[in-house]
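Chemist: Got a sequence here, can you model it:
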Amino acid sequence: MTPLDRDLLEAFVPEFEAEAVRLAMVRDAAAAGRALDQLRAMAAALGASSLATLVDRTAQALDPLDWPALHAGAEALARQAVAVGAAGVDLPLAEPATPEQAAPTQQAAASLLDREMLEAFAPEFAMACDRLAQAADPAQAGRALDGLRAMAGAVELGSLLRLLEPAPGLLDPFDATALSELAAALRAQAARIVEAGADLAPPDPKPVPETASLDAELLAAFAPDFAAACTRLATAPDAAAAGQAAEALRAMAASLGLASLRDMLAEALPEDPAALPVLATDLAAHAAAIAAAGHDLQRPAPLTGPARRRVLVVDDSAMMRRLVREALAMDADFEVVGEAADGIQALEALQRLSPDLTMLDIEMPELDGMGVLRRWALEGGGAVVIVSSAARPGSATAVEARRLGASGIVGKPSGALSPDLRERQGAALLRTARRAAGLPVEALR
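Modeler: Okay, the predicted model is just below:
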């Protein structure tokens, strides 16, 4: 076998392993495809055919989408990359096990679940289920699902991962009722697993009563008429015209028995004429979602405009907290809602503030950033970006932070006190923060 370049391997392995971890954490097929493309390109750059083969095998889990197989493939990719790095040469792959060969292995693994780990897992998983059941919008539900998926994957509970497979389809359109039912099913299955001390197949689903489907032809006629009435409401020249348009909308909603639209129209019309187009847009969008689903949907939460991402800044250096805060202040999409000077304060602030994003230092008194990150990985809640000189690219700390779910890492260029952060690292910090918060990086100027 031809030896691989050692310097290239030292830079390659942690990045490849981190990308494999990201693959295991994605929640839709498009993101998984992008992660696999990146892994494929990295394997080709290294010239490691074993990794390229594993990427191709894992890609088969995308059509049809198979989350457990995708997670298993990501884990195999990470293991093979580490093995190749240790050997310094590409290594042959073991032949994939047949279903008959795999079954005993899976059964043996199931019987070896650690009781203490399960007892620690159960309450954290139940809390994440509660967050899913109480989620008020797709963003909150998505974060809760990410946490549940990460916890189930960490304990290798395939039955919970299978229950989570249909979850992405419940976010758009947002179906709070179905998400609450999923949370209950996950909680019940986790309780069965803890009681048995092993992973178990989910119980056969109970027959689901058919949703009151609406006549397709009736919906096809309803949708354009309702949209036209929404346009009349949005452009009403006075209160009388707005009232007439609203009455027409109420009558159409009542004729189809669409309680969600009736509820949206039950309240008095806003006195501010500028608010009528907003109401009309919400009504039209919800009616279109109903027409696409073929049945009534839960009333959506009122829209209040794009929310700023709430940020917690954690660093034992007051100077660094100020510099990070000032860098974030340059972006109108961020709002710093709290600061913490050590890991203990950080955990309290995470629980109290529930930030969308946490900018986290590593080297701190009381409890270091890795300790905070391990606790965050269990409890979920927003995203985390590491801002530390202790997590240089390729370092063991950086790899572990990625493994625990950190969305990005920004180094401190000059140690603990870095007055050049704003000038030298401000743009990099904002790019990483926007990416972690799900904001378009192109919007950064």
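Chemist: the domain parsing of this protein - what is it?
Modeler: Domain ranges of the chain: 6-93, 115-196, 217-293, 309-443, per automatic domain parsing.
Chemist: closest to Pro203 out of those domains?
Modeler: Taking Cβ to Cβ as the measure, those were each checked against Pro203, and domain 115-196 came out nearest at 7.8 Å. Bear in mind the C-beta positions are built from the backbone N, C-alpha and C, glycine included.
Chemist: If we go by neighbour counts, what in the strand or helix carrying Ile344 is buried?
Modeler: With the criterion set as DSSP states H and E, the secondary-structure element containing Ile344 is helix 343-353. Residues Gly343, Gln345, Ala346, Leu347, Ala349, Leu350, Leu353 are the ones in helix 343-353 that count as buried (16 or more other Cβ atoms under 10 Å).
Chemist: next one: phi and psi at the closest residue to Phe16 other than its chain neighbours?
Modeler: Using Cβ to Cβ, 6 or more residues apart in numbering and skipping the chain neighbours, the partner closest in space to Phe16 is Ala81 (4.4 Å). With angles defined as degrees, to the nearest 10, Ala81 sits at phi -60, psi -40.
Chemist: Wait, Ala81 touches Ala18, no?
Modeler: No: distance between Ala81 and Ala18: 9.9 Å, which falls outside the contact criterion (Cβ atoms under 8 Å).
Chemist: what's the next secondary structure element after the least confident helix or strand in the chain by mean pLDDT?
Modeler: Comparing every helix and strand of the chain by mean pLDDT, DSSP states H and E singles out helix 99-110 as the least confident one, with a mean of 38. Moving toward the C-terminus from helix 99-110, the next helix or strand (DSSP H and E) is helix 115-133.
Chemist: Please state the offset of that following helix from the chain centre?
Modeler: With Cα atoms, centre = their mean, to the nearest Å as the basis, the distance from the averaged C-alpha position of helix 115-133 to the chain average is 18 Å.
Chemist: again, but for stretch 9-21
Modeler: Averaged C-alpha coordinates place stretch 9-21 at 22 Å from its chain's average position (Cα atoms, centre = their mean).
Chemist: Okay, buried residues for that stretch please.
Modeler: Within stretch 9-21, the residues that qualify as buried are Leu9, Phe12, Val13, Pro14, Glu15, Phe16, Glu17, Ala18, Glu19, Ala20, Val21, counting by 16+ other Cβ under 10 Å.
Chemist: so can I have TSV of those residues showing pLDDT, distance to Phe174 and secondary structure?
Modeler: Conversion of these to TSV gives the following (pLDDT from 0 to 100; distance: Cβ to Cβ, whole Å; DSSP: H, G, I helix; E, B strand; the rest coil):
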residue	pLDDT	distance to Phe174	secondary structure
Leu9	74	45	helix
Phe12	81	40	helix
Val13	81	40	helix
Pro14	83	37	helix
Glu15	82	35	helix
Phe16	85	36	helix
Glu17	81	34	helix
Ala18	80	31	helix
Glu19	83	30	helix
Ala20	83	31	helix
Val21	78	28	helix
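Chemist: Could you list the low-pLDDT ranges of the stretch 51-200 of the chain?
Modeler: Along the stretch 51-200 of the chain, the model assigns pLDDT under 70 to residues 94-115.
Chemist: Can you show me the helices along it?
Modeler: Remark: helices of the stretch 51-200 of the chain, listed N- to C-terminal, are 67-87, 99-110, 115-133, 138-154, 158-164, 176-196; assignment by DSSP state H, counting those that start in this stretch.
Chemist: Kindly report the same for the stretch 201-350 of the chain.
Modeler: 216-234, 239-255, 259-266, 276-293, 318-329, 343-353.
Chemist: Rounded mean pLDDT for the next helix or strand after the last one, please.
Modeler: Going back to what we said before, that points to helix 343-353. Tracing the chain C-terminally past helix 343-353 and defining elements by DSSP H and E, one meets strand 357-360 next. Over the span of strand 357-360, the pLDDT mean works out to 94.
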